[in-house]
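J.: would you be able to build a 3D model of this:
(2 chains)
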Amino acid sequence: MFGWTVKELFSAPQQLFASVSAVAGAFALVLFFDGVFAGESEQIVALIDRTDADVWVMQDGVGNMHMTTSFLADWKIDAVAGVEGVKKVTPILYLNAVIEAGGRNWFSFVVGLEPGDSRAGPWAMAAGAPLPGRGEAIVPDVFASDAGLAIGDPVRIAGRDFAVAGFSADTFSMANSITFVTLDDLADTISSVGTVSYLLVDAEPGVDAAALAARIMDEVEKVNALTREEFSARDYSIAVQMGLDIIWMMTLIGGALAVLLTGFIVYSHVTERERELAVMKALGVRDRAIYASLMVQALVIGLLAFALAVAVVSLAVPTTHALVPKISLAVTADSLWRTGVTAVLVSLVAAVVPVRRVLSVDPVSAFHQ
Amino acid sequence: MPEPILQAENVVKVFGQGRAAVRAVDGVSIEVQPSEMVTITGPSGSGKTTLVSILGALLRPDDGRVVIDGTDISTLREGALSMLRARSIGFVFQSFNLLESLTVRENVLFPAHLAPGGMNAARGRADELLETLGLSHRASALPRTLSGGEKQRVAIARALINRPRLIIADEPTGNLDSKSGQNVLMVLHDVARDEGRAVLIVTHDRRVEDVADRILWLEDGHLRDRKQDEHEWVRDPVCNMALDGWTSEIFVDRDGIRYHFCSQRCRERFEASPETYVEASRSRRPARDGADR
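T.: Have a look, this model is predicted:
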């Protein structure tokens, strides 16, 4: 029976390819939108991940960067630097703001940097100066391209004008971007002189980051200290949670579409092969063996469609990013796992669609001409 | 007397209810012994397919009892019926009904998965059957590349793979040319004679009567025994259609002569003006072998 199932499925390769492609389209949509969301979420934690500090120190009670404000008195910079195992402390001031340029507005993390210190600065440059000077800003290259900005053009950040000194790379997504200015300029702009937002702590070689974070919290009052991994995971989790409903809705819609398509394909297989099914029943094949056969067919279609969708999305991700740089795409293992499980569930549900039709196949009809 | 392989007693099957009820099979009893080849024939709509479906354990009778290879099928559940069909009955259909995506050898082996017994043994048997039926050279061919005769021989091999004691063939020569049909009949005849199986053939093909051990006539749900070569060729005096007076059930006796009719309509027309048709029938040619009575 299994041999018949597989042979039957592959006996019309063009029809099989069309069926698999249709279902793959649904899975590819799920993977693609999932990839967009994952890409955007990864961009939200880009500053944390790319600067790669061992420990992040922030205001007590604060545990995130995204959609959060943190203020630390600047004397705590020295206090943290004095903790055993700390090699270097880099303060940043940080603000969620809208930047305006070339008639365009864009939401951005604005990061205030110590003059001349590139530790928390742009990790990749497309053009211009690698660090901002007073009255200058380094904006994402994608935003500059979108807004038609050139070096020296003005940008407005939190109501104050800055001159563009450089274009940073890998700092832009549709939901978020990162703009760099000097710490003093940002402090003036938001009237927060004498405070910083976060401290990036580099540990001495061989010092465990988690232990160092714990020691900082013990020795410096009213601060929270997290390892980079934990800090990044928290922000990523918040970003994902914000879009979780959307992800599930997309998965459900894509899954429902795939169920309908696979169900229709398997149902069509049954109606086209009713006579053969009648003959099989007459020869002694039981209904449950026919269901199992349909389930195998649906599973093969679902898994082939999933594989095709992965292949298509693997090609689409770099192509899309090259054509539309503002879209950040990332196909994660979690997304692949979820869509793969969806493919299996879709196949199992779809195989139920023609059950009534199979039951109604009368073996006596094998005698009819 | 050996135990019959197929035994049916007072089998009744009714379709519909009330005034619309049709007794497709009405009190049929039949026994088929090992090595016996029995033919059921009869006009279209006489209930042949219904009867053969019941005798093949595909349809449950409303009344009566059917015993196949010692098993009373009336008490069996669907799963057990399927198993019985796979193990004890081989089917040969008019339209061959091969599985188009499988090769000849795979088609022959298909029922082997459904019955107990090793597949290795079945493979050997499949090769033997293909050899016997002259199909070895087509073992890897797909059904669409076969002639009608070849397809039917594959179907016979498939029917025999599980060594069933009962073979049921529905119009096995219906879609074949004369030579292929003759060949298929001889194969079925040999299956009964040489292998001791019971072969039940439902057919309109009169050639089958030449090789069958018994011929049964089914009409309006009733079964009657009929001996070979027992024909009484007559002509309907109204429409001149050739009829077998032995099996004809519509007739009128007049002046010591029995007149047979193809239908009630012809009989009514005859009764309205018998002299006209009696006179006309005397001047017509005989129906067959000069036997116009």
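J.: spit out the contact partners of the residue nearest the centre of chain A.
T.: Centroid-nearest residue in chain A: A:Ala38, 0.6 Å away (criterion: CA atoms, centre = their mean). Going by CB atoms under 8 Å, 6 or more residues apart in numbering or on different chains, A:Ala38 touches A:329-332, A:334-335. All C-beta atoms are positioned from the backbone trio N, CA, C, and that covers glycine.
J.: what two of the residues you listed are the furthest from one another?
T.: The most widely separated members of those are A:Leu329 and A:Asp334, with 14.6 Å between them, by CB to CB.
J.: and for whichever residue of the stretch 1-150 of chain B sits closest to chain A, the neighbour number?
T.: Residue nearest to chain A within the stretch 1-150 of chain B (CB to the nearest CB): B:Ala86, separated by 2.7 Å. Around B:Ala86 there are 22 other residues, counting by other CB atoms under 10 Å in any protein chain shown.
J.: burial of B:Val108, as a residue count?
T.: Neighbours around B:Val108, by other CB under 10 Å: 30.
J.: what does whatever helix or strand the residue of the stretch 1-150 of chain B closest to chain A lives in rub up against?
T.: Using DSSP states H and E, B:Ala86 sits in helix B:78-88. For helix B:78-88, the surrounding residues in contact (CB under 8 Å, 6+ apart) are A:281-287, B:56-58, B:68-69, B:71, B:73, B:76, B:91, B:111, B:114-116, B:162, B:164-166.
J.: now those residues: which count as buried?
T.: Among the contacts of helix B:78-88, those buried by neighbour count (16 or more other CB atoms under 10 Å in any protein chain shown) are A:281-287, B:56-58, B:68-69, B:71, B:73, B:76, B:91, B:111, B:114-115, B:162, B:164-166.
J.: among those, which are in helices?
T.: A:281-283, A:287 (DSSP state H).
J.: mind checking pLDDT for residue 213?
T.: As the question left the chain open, I've gone with chain A. As predicted, A:Ala213 sits at a pLDDT of 96.
J.: the chain in question should be chain B.
T.: 88.
J.: that one contacts B:Met37, correct?
T.: Yes - counting by CB atoms under 8 Å, B:Asp213 touches B:Met37, with 5.0 Å between them.
J.: list residues touching both of these two?
T.: With CB under 8 Å, 6+ apart as the test, B:Asp213 and B:Met37 both reach B:Ala192.
J.: quick one: which of these two has more around it?
T.: Neighbour count, other CB under 10 Å: between B:Asp213 and B:Met37, B:Met37 has more, with 24 against 16.
J.: who's in contact with the more buried one?
T.: Here B:Met37 is in contact with B:188-189, B:192-193, B:199, B:201, B:211-214 (CB under 8 Å, 6+ apart).
J.: next one: B:Arg123
T.: B:Arg123 is in contact with B:Leu109, counting by CB under 8 Å, 6+ apart.
J.: quickly find the element holding it.
T.: With DSSP H and E as the test, B:Arg123 turns up in helix B:119-132.
J.: quick one: average pLDDT of that helix?
T.: In this model, helix B:119-132 carries a mean pLDDT of 87.
J.: ok, the ones in helices among the buried ones among the contacts of helix B:78-88 vs B:Arg153, which is closest?
T.: Distances from B:Arg153 to these, taken by CB to CB, are shortest for A:Leu283, at 17.0 Å.
J.: that closest one reaches B:Ala112, doesn't it?
T.: No - look at A:Leu283 against B:Ala112 with CB under 8 Å: they stay out of range, at 10.5 Å.
J.: where along chain A do the strands fall?
T.: Assigned by DSSP state E, chain A shows strands spanning A:55-59, A:72-73, A:86-101, A:104-113, A:125-128, A:136-140, A:154-157, A:160-168, A:178-182, A:195-196, A:198-203, A:223-227.
J.: for the first one, give me every contacting residue.
T.: Taking CB under 8 Å, 6+ apart as the criterion, the residues outside strand A:55-59 that touch it are A:48, A:65, A:70-72, A:76, A:80, A:89, A:197-201, A:203, A:209, A:212-213, A:216, A:220, A:222-228, A:231.
J.: angle of that strand against strand A:198-203?
T.: 150 degrees (axes from the mean of the first three to the mean of the last three CA atoms, to 10 degrees).
J.: pairing partners for strand A:55-59, with directions?
T.: The pairing partners recorded for strand A:55-59 under DSSP bridges are strand A:198-203 (antiparallel), strand A:223-227 (antiparallel).
J.: now it and strand A:86-101, what's the angle there?
T.: Going by the same axes, to 10 degrees, strand A:55-59 makes 60 degrees with strand A:86-101.
J.: so how far is strand A:55-59 from its chain's centroid?
T.: 25 Å (CA atoms, centre = their mean, to the nearest Å).
J.: picking up where we left off before, so what's the residue of the stretch 1-150 of chain B closest to chain A scoring on pLDDT?
T.: 91.
J.: do B:Arg226 as well
T.: 67.
J.: what about the helices in the chain?
T.: Picked chain A for this. A:2-10, A:13-44, A:46-51, A:75-81, A:141-147, A:183-190, A:209-219, A:228-272, A:274-283, A:287-323, A:333-350, A:355-360.
J.: my bad, chain B
T.: According to DSSP H, the helices that chain B contains are B:48-55, B:78-88, B:104-109, B:119-132, B:148-160, B:178-195, B:207-211, B:264-272, B:274-282.
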